[in-house]
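A.B. asks: what's the 3D shape of this:
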Amino acid sequence: MELFAPARSYWIWHTISYGSADWLREFPISDGRFGTRGFGPESERGPVELRSDCPVANVKSRTFDSVLCFGDSDWWYHNRGHADMQFMRRFARHWRVIYINSLGVRVPSMSEGRMFLRRVTRKCRSTARYYRDGGEGFSVLSPIFLPFHDGLLGRSAIRGLELQIKAVARFSGMQRPLLWVACPTAARVLDRIRRVGIVYQLSDCYVSFNGTAGAAAQMERTLARSADLVLCSSRRLHDRARQLYGTGEYVEHGVDFELFDAALRNPRVPAELRGAGRPIIGFFGNMDANTVDRLLLDWVIQSRPRYTFVLVGPMASDFEMLRCHKNVIAVPQTPYHKIAHYGAAFDVCLMPWLQNEWIEHCNPVKFKEYLALGKPVVSTPFPELRQCPSLCYVASGAEAFASAIDRALEEDSPTMREQRRTWAAQHTWDAKFAQVLDLLETRGIRTSGRTLRAD
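C.D. replies: Numbers count the residues shown, from 1 in each chain. Down below sits the predicted model:
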């Protein structure tokens, strides 16, 4: 497949430049329910209409032949355990899927220092891949796009994005795609793309981003009003969507239980951890100033010099100082299928979150991944943990957090490990996918009668 990537890219750009009017025009919306939606003030668009998310007898039945996903991450350099990627793996078993790498919500700032250069470099590398096989049953598009929201630059960026998407859809033979949206920036191009329906995956509170709250709120509002189905990954997001938009279904994140179960049953200790002193206290995931409490983590590491702390994943520049501690093993970003082997070597798993609006609305995938390994979890508090308080040690403040790690080590037992794993096994991504298909059926978007895709 990779041998033909340059040819595919040439064909797509040829279509963009010389394509037929039928494909490069703005597609009409077939069911008449979605008009062109502006981004002006709320007063210009009227009040929110409360919608019922229950099955309706006169809902028009529609059938999709493919899925076009606007992802909230980049397939080529982000953790591939994110919800949108997990759902696309399962859609791809039955339908043709194109995953569009994240369009971004804000333009990177040079004030980020080395992180700015890192973001730009990896985005350029991703864009250089443009359109090719993602290696897991679906294709991946890294469009040429910058998230400008206003003026000539904004309009030009959206027009260019529209042409790229339509060319790729034509190349792939998509006629009636279901649009799956996990990145709010996609709201600006939706009414230009022919589709059977829209699913809005609301997994994070983008309106909490500094400098983009206004634009993010407008895009979120447009998506929520246009979508046939709004999926909320946490109860806090669900409550917010219901209050603001009158719609939303709670479908929490799942876990790739088979992957983590296999790592536990057939352990392979990663090279970096061979010979590491016990106990091993671990974390895997992104470490940045928007999510992880660096000061808390630094204090805990220094207060427990006999513990080995393993931090797996990319670090923002201000987290680099954690590498200086003698009892820290820092592992760079690791492919998703290898993450479970690091977690299997942990004695206690950490979620040292900040206390902010983003975290209040989150439901971290890694929580269930930790539990699938049977590991005790120590976390700072956030609302979603209230649903399963017995499965996690919750502590506020650095000293209490360190003490909770001590307790987790002392109290862990085979019985408790099996209880955690049993709970996680009930929350697989396959189960969540089945729930999504049922919800689509109630909205007149047919998923029945599907068969394994034939390419």
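A.B. asks: and the next element down the chain from the helix or strand hosting D239?
C.D. replies: Using DSSP states H and E, D239 sits within helix 235-245. Toward the C-terminus, helix 235-245 is succeeded by strand 249-250 as the next helix or strand (DSSP H and E).
A.B. asks: and that next one, what's its mean pLDDT?
C.D. replies: For strand 249-250, mean pLDDT is 96.
A.B. asks: what of stretch 193-203?
C.D. replies: Rounded mean pLDDT across stretch 193-203 is 92.
A.B. asks: just the endpoints, please. Distance across that stretch?
C.D. replies: Criterion CA to CA, to the nearest Å; first-to-last residue distance in stretch 193-203 is 23 Å.
A.B. asks: that one: which residues count as buried?
C.D. replies: By neighbour count on 16 or more other CB atoms under 10 Å, the buried set for stretch 193-203 is I193, R194, R195, V196, G197, I198, V199, Y200, Q201, L202, S203. To be clear about C-beta, it is placed using only N, CA and C from the backbone, and glycine gets the same treatment.
A.B. asks: mind checking the SS state of the second one?
C.D. replies: Applying DSSP: H, G, I helix; E, B strand; the rest coil to R194 yields a three-state assignment of coil.
A.B. asks: quick check: phi and psi at it.
C.D. replies: The phi/psi pair for R194 (degrees, to the nearest 10) reads phi -70, psi 140.
A.B. asks: and this structure, what are its domains?
C.D. replies: According to automatic domain parsing, the chain comprises the domains 48-254+430-446, 257-427.
A.B. asks: mind telling me which of those the model trusts least?
C.D. replies: Among the domains of the chain, domain 48-254+430-446 carries the lowest mean pLDDT (a mean of 83).
A.B. asks: on that earlier part again, so how far is the helix holding D239 off the chain centroid?
C.D. replies: 18 Å (CA atoms, centre = their mean, to the nearest Å).
A.B. asks: give the contact list for the nearest residue to Q387 once chain neighbours are set aside.
C.D. replies: Leaving aside its chain neighbours, Q387 sits nearest to R235 (7.4 Å; criterion: CB to CB, 6 or more residues apart in numbering). Counting by CB atoms under 8 Å, 6 or more residues apart in numbering, R235 touches Y250, P383, E384, Q387.
A.B. asks: ok, and the most crowded of the residues you listed?
C.D. replies: E384 (21 neighbours; other CB atoms under 10 Å).
A.B. asks: isn't that residue up against N363?
C.D. replies: Yes. The pair E384 / N363 is scored as a contact, 4.6 Å apart, by CB atoms under 8 Å.
A.B. asks: find residues that contact each of these two.
C.D. replies: Contacts common to E384 and N363, judged by CB under 8 Å, 6+ apart, are S234, E252.
A.B. asks: using PDB, write out every CA atom in stretch 80-93.
C.D. replies: C-alpha atoms of stretch 80-93 as PDB (Å, rounded to 0.1, in the frame of the first residue of the first chain):
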ATOM      1  CA  ARG A  80      -3.500   5.300  19.600                       C
ATOM      2  CA  GLY A  81      -5.700   4.400  22.600                       C
ATOM      3  CA  HIS A  82      -8.000   7.400  22.200                       C
ATOM      4  CA  ALA A  83     -11.800   6.800  22.000                       C
ATOM      5  CA  ASP A  84     -12.200   8.000  18.400                       C
ATOM      6  CA  MET A  85      -9.400   5.700  17.200                       C
ATOM      7  CA  GLN A  86     -10.900   2.800  19.100                       C
ATOM      8  CA  PHE A  87     -14.300   3.300  17.600                       C
ATOM      9  CA  MET A  88     -12.800   3.600  14.100                       C
ATOM     10  CA  ARG A  89     -11.000   0.300  14.500                       C
ATOM     11  CA  ARG A  90     -14.400  -1.300  15.100                       C
ATOM     12  CA  PHE A  91     -16.200   0.600  12.300                       C
ATOM     13  CA  ALA A  92     -13.500  -0.500   9.900                       C
ATOM     14  CA  ARG A  93     -14.400  -4.100  10.400                       C
END
